[in-house]
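Asks: structural data only, the sequence is not supplied:
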């Protein structure tokens, strides 16, 4: 069904990286979400009101929040496609994340209100009219939401959208919520126990939990979360695939929203190579990263001296000491700076974030390794953080 709808309503669906295709997929998801959730909301609120079930009304209002979320998602996709301008040179793609945050806020507000109503029903319980139509609406809702979850997941994978993936998870959660309401109605009908308020409260708690999860997923990229591990590995492999590249370090990836990914990296190449040749290689790598990975990559060229015996001896000693301390430490940008006032051993050391407290001890060990070879040299270490 997902592939059929894509063929019918999304022109050029086979090109998910095209901004126009991304917008069309977002529109399709928004319209389907609004229609399905709107109908489910009307059915549940009507049946819940007539039967006196606060749990079913709560489930219906949850569908209303999903419909509102679809409206916000639709607006988010449209606004995210605005081109870059003087005030926003990296584009507006982060509107997708902002729309997800608004969705989370709506879910939290509705969940809190439903929790309050459910507590009132627990304090003042009333029997629920468990007519056959009630069970029909709930079973129909479960089936529709199962389809919607798969539909949104398929669209999310097609265009690599975290917003649509979150919408898929939300639909899956609605299946669980509706199943809980159905179970409560069955208990009322056959066990004659008034559990409607408790089921409503459980659904409200579930809605709140969902809202917190969605908020966390959308806030993280807005705060500048680290590079996706898979993308970082792809970028590293691409750079290292060029034979004249000796190594790389300080890979930084900046996410300005789907389709707006920028990265920078330091690439080590032999100082004996012609700088013009190195420049051409770097240009090729940057173009390849944009064409194959859709990443705007900027490369800093680090020339490495390979024919200096003292440089090699010093570097080997420092790298061996760092490896003995932890295999997670890595040395780069190693240089011997010879000046009128003496020689400095300068290098960067990448230290995992969870080892930051060990930096003083690490520094002392590495300075000792240099001093063991040349006590008159000054050691200068610049620390980098890494995952």
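Replies: Okay, I see it. Quick caveat: nothing in here was measured; it's all calculated off a predicted structure.
Asks: how about the longest helix belonging to the chain, which residues are buried there?
Replies: Ranked by residue count, the top helix of the chain under DSSP state H comes out as helix 19-51. For helix 19-51, the neighbour count (16 or more other CB atoms under 10 Å) marks 21-30, 32-34, 36-38, 40-41, 43-45, 47-48, 51 as buried. The way it works is simple: take the backbone N, C-alpha and C, and place the C-beta from them, glycine included.
Asks: could you do stretch 268-279 as well?
Replies: Going by neighbour count (16+ other CB under 10 Å), the buried part of stretch 268-279 is 268, 269, 278.
Asks: tell me what the second one is bridged to.
Replies: Assessed by DSSP bridges, residue 269 has beta-bridge partners residue 245, residue 303.
Asks: about what we covered before: now do the longest helix of the chain: which elements does it pack against?
Replies: Where contact means 3 or more CB pairs under 8 Å, 6 or more residues apart in numbering; DSSP states H and E, helix 19-51 is packed against helix 2-9, helix 54-80, helix 132-159, helix 162-191.
Asks: closest to residue 123 out of the ones you listed?
Replies: Of all these, it is helix 54-80 that lies closest to residue 123, at 11.7 Å by CB to CB.
Asks: list the buried residues for stretch 300-317?
Replies: Here stretch 300-317 shows 302, 304, 311, 314, 315, 317 as buried, counting by 16+ other CB under 10 Å.
Asks: now do the contacts for residue 74.
Replies: 26, 27, 29, 30, 31, 34 (CB atoms under 8 Å, 6 or more residues apart in numbering).
Asks: which one in this protein is furthest away from the centre?
Replies: Ranked by distance from the centre of the chain (CA atoms, centre = their mean), the top residue is residue 340, with 50.9 Å.
Asks: mind listing the helices for the stretch 201-350 of the chain?
Replies: With DSSP state H, counting those that start in this stretch as the criterion, the stretch 201-350 of the chain has helices at 229-240, 275-293, 309-325.
Asks: mind putting these in CSV, distance to residue 220 and mean pLDDT included?
Replies: Shown next, in CSV, are the helices of the stretch 201-350 of the chain (distance: least, CB to CB, whole Å; pLDDT from 0 to 100):
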stretch, distance to residue 220, mean pLDDT
helix 229-240, 14, 87
helix 275-293, 21, 92
helix 309-325, 31, 91
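Asks: dump these to JSON lines, plus distance to residue 370.
Replies: Listed next are these as JSON lines, based on distance: least, CB to CB, whole Å:
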{"stretch": "helix 229-240", "distance to residue 370": "28"}
{"stretch": "helix 275-293", "distance to residue 370": "29"}
{"stretch": "helix 309-325", "distance to residue 370": "7"}
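Asks: and those helices: which comes nearest residue 151?
Replies: Of all the helices of the stretch 201-350 of the chain, it is helix 229-240 that lies closest to residue 151, at 24.8 Å by CB to CB.
Asks: buried ones in that closest one, by neighbour count?
Replies: 231, 232, 235, 238, 239.
Asks: and for stretch 67-85?
Replies: Result for stretch 67-85 [16+ other CB under 10 Å]: buried residues 67-77, 80-81.
Asks: one more: stretch 207-217?
Replies: Applying 16+ other CB under 10 Å to stretch 207-217 flags 207, 208, 210, 211, 213, 214, 215, 217 as buried.
Asks: I'm done for today, thanks for sticking with me.
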